[in-house]
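Pasting the sequence and the predicted coordinates here, then a few questions.
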Amino acid sequence: QTIEKRLAAGHYADLGALHADLVLMCDNAMTFNEEGSVIHEDAKAIKKVAQKELSKATKAASKRAAQTDGAAESARKRVAEDEAAEADLLLAAQQSLIDAVKTAQGDDGRLLYEPFE
């Protein structure tokens, strides 16, 4: 299965699992393609984009957690709402990560992800 198919099927329980698959894809591309080749260099760039997006999502999640901690009592009363909201945020973060990877461009304007589809 491709990463996108797994994402659509709800395979990823957290953002780290999605990131790990992206890193594995890039590492494999770099291992099996000669250094300096287009695929190797594109994989390196995609890996950087994925790490940057994961960092942004992690910071946003930490900020939300800090806000929730400040209102712990009211949060306990809304457990179901919070869980649904967290699931929606996870899906949004996962899609954001995929979108960032799929729209990353090389210096020449090429979409870096194209050879990996």
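Good, I have the coordinates.

Where does pLDDT dip in this protein?
Scanning the chain for pLDDT under 70 picks out the ranges 1, 64-83.

Not counting stretch 102-117 itself, show me its contacts.
The contact list for stretch 102-117 (Cβ atoms under 8 Å, 6 or more residues apart in numbering) reads 2, 25, 29, 38-39, 41-43, 45-46, 49, 101. C-beta here means a position set from N, CA and C on the backbone, and glycine is covered the same way.

Between the two ends of stretch 5-23, what distance do you get?
End-to-end distance of stretch 5-23 (Cα to Cα, to the nearest Å): 17 Å.

and the most centrally placed residue in the chain, what does it touch?
Note on the chain: the residue nearest the mean C-alpha position is residue 97, at 3.4 Å, using Cα atoms, centre = their mean. Residue 97 sits next to 15, 18-19, 22, 50, 53-54, 57 when contact means Cβ under 8 Å, 6+ apart.

Just flag the most distant two among the residues you listed.
22 and 57 (12.7 Å; Cβ to Cβ).

The residue lying closest to residue 6 once chain neighbours are set aside: neighbouring residues, count only.
Nearest non-adjacent residue to residue 6, counting by Cβ to Cβ, 6 or more residues apart in numbering: residue 12, 6.6 Å away. Look at residue 12: counted by other Cβ atoms under 10 Å, it has 19 neighbours.

Would you list the phi and psi of residue 12?
phi -90, psi 120 (degrees, to the nearest 10).

so what's it up against?
Going by Cβ under 8 Å, 6+ apart, residue 12 touches 6, 18, 21, 94.

which parts of the helix or strand encompassing the third one are buried?
Same thing as residue 21. According to DSSP states H and E, residue 21 maps onto helix 15-32. By 16 or more other Cβ atoms under 10 Å, the buried positions in helix 15-32 come out as 15, 18-19, 21-23, 25-26, 29-30.
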